[in-house]
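In: sequence below, structure please.
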Amino acid sequence: MKNNFFYLSLLVISLSFSTNAQENKEMKANFVGTVSSVEYVTSMASRPQDLIPSNNTVKEAKDKRSMDNQIVTGKDPQTQDDFYVRNRHEMEQSIRMAPPSVVFDGYASGSQPTDPSLAIGPNHVFVVFNTGFAIYDKSGNQLQGQTAPNPAIFPSGGCCDLTVSYDNAADRWVLTFLGNGAQIAVSDGPNPLTAGWYVYNIASINDYQKLSVWSDGYYITDNTGSSNKVWALERAAMLNGSPSAQILGFNLPGIATSGFYSPQALNITDNNTPAAGGATIVYMQDDAWSGVSNDHIKLWTIDVDWNNPGNSTVSAAQEIPTTPFIGVFDNGSFSNLKQPGSGRPIRIDALQATIMNQAQFRKFATHNSAVFNFVVDTDASNDKVAGVRWYEFRQSGDNQPWSLYQEGTYTAPNGRHAWNASLAMDGQGNIGMGYTSMSGPNTSSTVYVSSYFTGRLNGDPLNTMTVSEELIANGNAKIPGTRYGDYSKIDVDPTDDQTFWFINEYMNNGRKGVVGAFQVQAGPPDTEAPTTPTNLTATNITSSGATLNWTASTDNVGVASYNLSVDGNSVGNTANTTFNLAGLDPLTTYNVTVNAQDAAGNISGNAATSFTTLEGGGNNGEIAAYYFETGFDGWTDGGNDCARQATSNSFEGTYSIRLRDNSSSSNAFSPDIDLSGNTQVSIEFHTYAKSMENGENFFVEFYDGSTYEIIGDYASGAEFNNNEFFDDIIVLDAANYNFTTNNRIRFRCDASANNDQIWFDQVIITGDNAAVPSNVVTTRNTSNVVSFAQNADNIKLYPNPANSRLNIDILEGSYDQIMIISSTGQLVKTISSEESSMSID
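Out: Residues are numbered from 1 along each chain as shown. Next up is the predicted model:
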């Protein structure tokens, strides 16, 4: 017995090695033959005595998927969060959709897992699970209760893994059922209750079979280490009940796996079939697996010739690189995601290394699209957070090469897991995706395994699920074992080509399969304006600035921005409910208005207020200004983690200072600034954040000559958001702060990783007793008339004020550069000239 076991182990290793090392080249079919048998089964309506209830015994499935996956330990360590988590698009989950129109439990089962699936016909919802099926109308009314497949449709027996598809082009139902190989049942009409069935037997299929409908065949993928990983079945012959329907078996050249084979053939979503040939098989390739050097997707094309089957081929794999992903959980085990709640901790299956049911294909006028997904770990910490990596591939026409059009990683709100997804496209190119979610390691509330949907509208920003999460149904208990789901399935209603039907496993007083129907549709034109903002006030009023605050408006869709005007002139807009004004004159009354605008362009009424700036204690001007265009401007890197960079994240000009941090030590501080003699000082600055996680901070600190004190504490998701500019004005007074000859300003970043970054720019310090620096000319714009302050006896400006041309005479000495700076400190113009006289238009 020991010798036999040793020999078997060597055999398995040898087969695995040869499979992973096989050449990536075009191959012929490995198997050419016909179906083992066929029988005709009359309609269920004609045989009520054969419609017996399904077996609801509690037991764990013993399919081959229960074998642990095998990876190369340590080959692909996770060092950072998923790319799309770190670079979340601002439109992610921002568009509300209507809740599901229909929700009902399709079955109850004791199987572990229950293997939920469904298909939608013109009038029926056909629900299947591991050991049974049920049929409903589209209102959720049960037409046929839970029924055992044997003998209702499969009188010759069978055990499990029941699947269902609707062949839209033929108006037929297609079911598969494991047991001594696989049985495939094809109805002879669109009504599953009154139609008869052609039941075919294929002896060689092993496990985890997934059938896809294609123009020239039914294609079934098989979890097997043998050389027949994909089976092509002669569709036309099977629709006609032919006992000589042909079968072809193909290997997949160059495929690598973790020990579990779960590629999928693309399934035609609607009745618009492509030309014959070009059946495409897709599979993920994880660089944590042996023989895989980089994360990518492999695609194979099968071209069958039913007239001469020996000419049929499977192509060499097309390899398309993707954004890196982490697809391995717990070294490939089933025990992955910890469920919330009290009692014994139970970790359930993340369903890794699997193209989730079902990879979908759809033809459009200008291209063909394919969409599919698999689970990834999005969190680089010790805590796993499951997310859905999804893809859309495109080809310019039938039988043309595929290219990656878009990809993204979907994560659920509030740190919850998202996995076990299924997605498809409707007739307008909108994507609907159903998925499982439950509490993650850092979710504050208890959410048991539940069913949700999201999606995106055709034309939305690429790589982004723009539809906000909508609940289908909440679970109410833990899944009792590690085995969960195995898959879910989405389908598109053929009657309107826009309603998505999704089925998923959850607990609702026992294991059940919940069905939800929903749409992802652009709403009617928005003609409703937001409400008028309220409680508009001016605070932090100084001689040169003020902060405006107001209460948010409401809108039927959502407020996009607020527009601000001062004395009838637009001064900017913001998505926040606060705005800083700068560059104001002392002892001047300003009239301010704010209105709200939605994405459709509807504008609310104006909120209005007035305020008067303070007198100020002296010249009330600029003390220092830093733009970083020619260097660090005297600033110092205080933590060896800042840099001067030329990026679009600079508020003005080209350059700004970047801080990044994973040790709370990243900072940059200014040179000494003489604030002595001032009673009030204002510090204006502008920042841009990228990949800062919610709650991560940056600080502005003031040095009083001996110690630093925090004067501004700003948290991501509260005071500022990623991928947009943020500005503030901090006002200090001499009663609370020590103004000396060696004050400094320091910016400090306290994030969690080097990819969490803040850029700061245009730092301007003004005081109420500031002396205007010599040989500096400042400007103020008022109705296109510019007046100039001149504090140098050796410079003559005329005419003053000027509205078209300014003349400058250098009366004494020479200058390398003359800068014209606005009263807010912004550089308006730089002049380099050796002439003693010049003019500026």
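In: report the longest strand in the protein, please.
Out: strand 753-767 (DSSP state E).
In: from the chain's centroid, how far away is it?
Out: How far strand 753-767 lies from its chain's middle: 28 Å, per CA atoms, centre = their mean, to the nearest Å.
In: now it: mean pLDDT?
Out: For strand 753-767, the mean per-residue pLDDT is 89.
In: what lines up beside that strand in the sheet?
Out: According to DSSP bridges, strand 753-767 has the following sheet partners: strand 621-626 (antiparallel), strand 655-661 (antiparallel), strand 680-690 (antiparallel).
In: contacts for the helix or strand just after the last one, please.
Out: For strand 680-690, the succeeding helix or strand toward the C-terminus, using DSSP states H and E, is strand 697-703. For strand 697-703, the external contacting residues (CB atoms under 8 Å, 6 or more residues apart in numbering) are 659, 669, 683, 685, 687, 689, 692, 708-716, 728, 730, 732, 737, 742-751, 758. Where C-beta positions appear, they are placed from N, C-alpha and C, glycine not excepted.
In: same thing but at 6 Å, please
Out: With contacts defined as CB atoms under 6 Å, 6 or more residues apart in numbering, strand 697-703 is touched by 708-715, 743-744, 746, 748-750, 758.
In: which of those fall within strands?
Out: Reading strands off these with DSSP E, I get 708-715, 744, 746, 748-750, 758.
In: buried ones in the longest strand of the chain?
Out: Within strand 753-767, the residues scored as buried using 16 or more other CB atoms under 10 Å are 753, 755-767.
In: turn the residues you listed into TSV, columns for distance to residue 514.
Out: TSV is the format used below for the buried residues of strand 753-767 (distance: CB to CB, whole Å):
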residue	distance to residue 514
753	38
755	38
756	38
757	42
758	44
759	46
760	50
761	51
762	54
763	55
764	58
765	60
766	62
767	65
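In: and which of these is nearest residue 414?
Out: residue 756 (20.0 Å; CB to CB).
In: residue contacts, that closest one?
Out: The contact partners of residue 756, taken as CB under 6 Å, 6+ apart, are 691, 692.
In: over to the one 5 residues further on?
Out: Contact analysis of residue 761 by CB under 6 Å, 6+ apart lists 650, 651, 656, 686.
In: same question for residue 546.
Out: Here residue 546 is in contact with 538, 581 (CB under 6 Å, 6+ apart).
In: next: residue 590.
Out: Counting by CB under 6 Å, 6+ apart, residue 590 makes contact with residue 566.
In: quickly list what it is bridged to.
Out: Beta-bridge partners, per DSSP bridges, of residue 590: residue 611.
In: how about the one 4 residues further on?
Out: Beta-bridge pairing for residue 594 (DSSP bridges): residue 564, residue 607.
In: what's the answer for residue 175, then?
Out: Counting by DSSP bridges, the residues bridging with residue 175 are residue 164, residue 185.
In: and the gap between it and residue 140?
Out: With distances taken as CB to CB, to the nearest Å, residue 175 is found 21 Å from residue 140.
In: looking at those two now, which is surrounded by more residues?
Out: residue 175 (25 against 14; other CB atoms under 10 Å).
In: check the gap between the more buried one and residue 154 for me.
Out: 8 Å.
In: where in the chain is pLDDT low?
Out: 1-22, 56-74, 525, 615-620, 662-665, 770-807, 809-841 (pLDDT under 70).
In: one more time with 50, if that's ok
Out: 1-21, 64-68, 618, 772-792, 803, 822-827 (pLDDT under 50).
In: and which of the buried residues of strand 753-767 is nearest residue 398?
Out: Looking across those and measuring by CB to CB, the closest to residue 398 is residue 755, at 41.8 Å.
In: how's the protein carved up into domains?
Out: 26-62+107-519, 534-612, 621-767, 777-840 (automatic domain parsing).
In: between the strands paired with strand 753-767, which one is nearest to residue 78?
Out: Closest to residue 78 of the strands paired with strand 753-767 is strand 655-661 (CB to CB; 19.8 Å).
In: can you pull out the residues in contact with that closest one?
Out: 628-629, 641-646, 650, 666, 668, 749, 751, 754, 757-761.
In: on that earlier part again, just name the most buried of the domains of the chain.
Out: domain 26-62+107-519 (a mean of 20; mean count of other CB atoms under 10 Å).
In: show me the contacts for the closest residue to residue 438 other than its chain neighbours.
Out: Once flanking residues are discounted, residue 438 sits nearest to residue 449: 4.8 Å by CB to CB, 6 or more residues apart in numbering. Contact partners of residue 449, counting by CB under 6 Å, 6+ apart, are 438, 475, 479, 506.
In: let's go with 8 Å and repeat that
Out: 339, 348, 436, 437, 438, 475, 478, 479, 484, 505, 506, 507.
In: and residue 195, by the same measure?
Out: Residue 195 makes contacts with 43, 173, 187, 188, 189, as judged by CB under 8 Å, 6+ apart.
In: run the last query once more with 6 Å
Out: Counting by CB under 6 Å, 6+ apart, residue 195 touches 43, 187, 188, 189.
In: just the helices in this protein please.
Out: 2-20, 83-86, 149-152, 235-239 (DSSP state H).
In: residue 338 reaches residue 348, doesn't it?
Out: No - using CB atoms under 6 Å, residue 338 is not in contact with residue 348; the gap is 8.4 Å.
In: what's the farthest-apart pair in the contacts of strand 697-703?
Out: The most widely separated members of the contacts of strand 697-703, counting by CB to CB, are 715 and 743 (25.6 Å).
In: quick one, what contacts residue 79?
Out: With the criterion set at CB under 6 Å, 6+ apart, residue 79 makes contact with nothing.
In: cutoff 10 Å now
Out: 326, 380, 753 (CB atoms under 10 Å, 6 or more residues apart in numbering).
In: closest one of the contacts of strand 697-703 to residue 313?
Out: For the contacts of strand 697-703, the residue nearest residue 313 by CB to CB is residue 758; the value is 55.4 Å.
In: on that earlier part again, from the contacts of residue 79, which is closest to residue 457?
Out: residue 326 (29.0 Å).
In: roughly how far does that closest one sit from residue 465?
Out: 19 Å.
In: thought residue 24 was touching residue 255?
Out: Yes - taking CB atoms under 10 Å as the definition, residue 24 is a contact partner of residue 255 at 8.7 Å.
In: got any residues that touch both of those two?
Out: 298, 300, 317.
In: enumerate every residue touching residue 34.
Out: Applying CB under 10 Å, 6+ apart, the residues near residue 34 are 200, 202, 234, 237, 242, 243, 244, 245, 246, 247, 309.
In: CSV for these, including distance to residue 226?
Out: Output for those, formatted as CSV (distance: CB to CB, whole Å):
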residue, distance to residue 226
200, 20
202, 13
234, 21
237, 24
242, 26
243, 25
244, 24
245, 21
246, 19
247, 14
309, 19
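In: looking at the residues you listed, which is nearest residue 527?
Out: Using CB to CB, the contacts of residue 34 come closest to residue 527 at residue 234, 55.3 Å.
In: dump the residue contacts of residue 93.
Out: So residue 93 contacts 410, 411, 412, 413, 454, 464, 465, 466, 467, 468, 469 (CB under 10 Å, 6+ apart).
In: ok, the last one to residue 388 distance?
Out: Think residue 469. Distance from residue 469 to residue 388, by CB to CB: 12 Å.
In: show me whatever sits in contact with both of these two.
Out: 410, 412, 418, 435, 437, 454.
In: excluding chain neighbours, give the residue nearest to the second one in space.
Out: Spelled out, it's residue 412. Nearest one to residue 412, counting by CB to CB, 6+ apart, is residue 418 at 4.0 Å.
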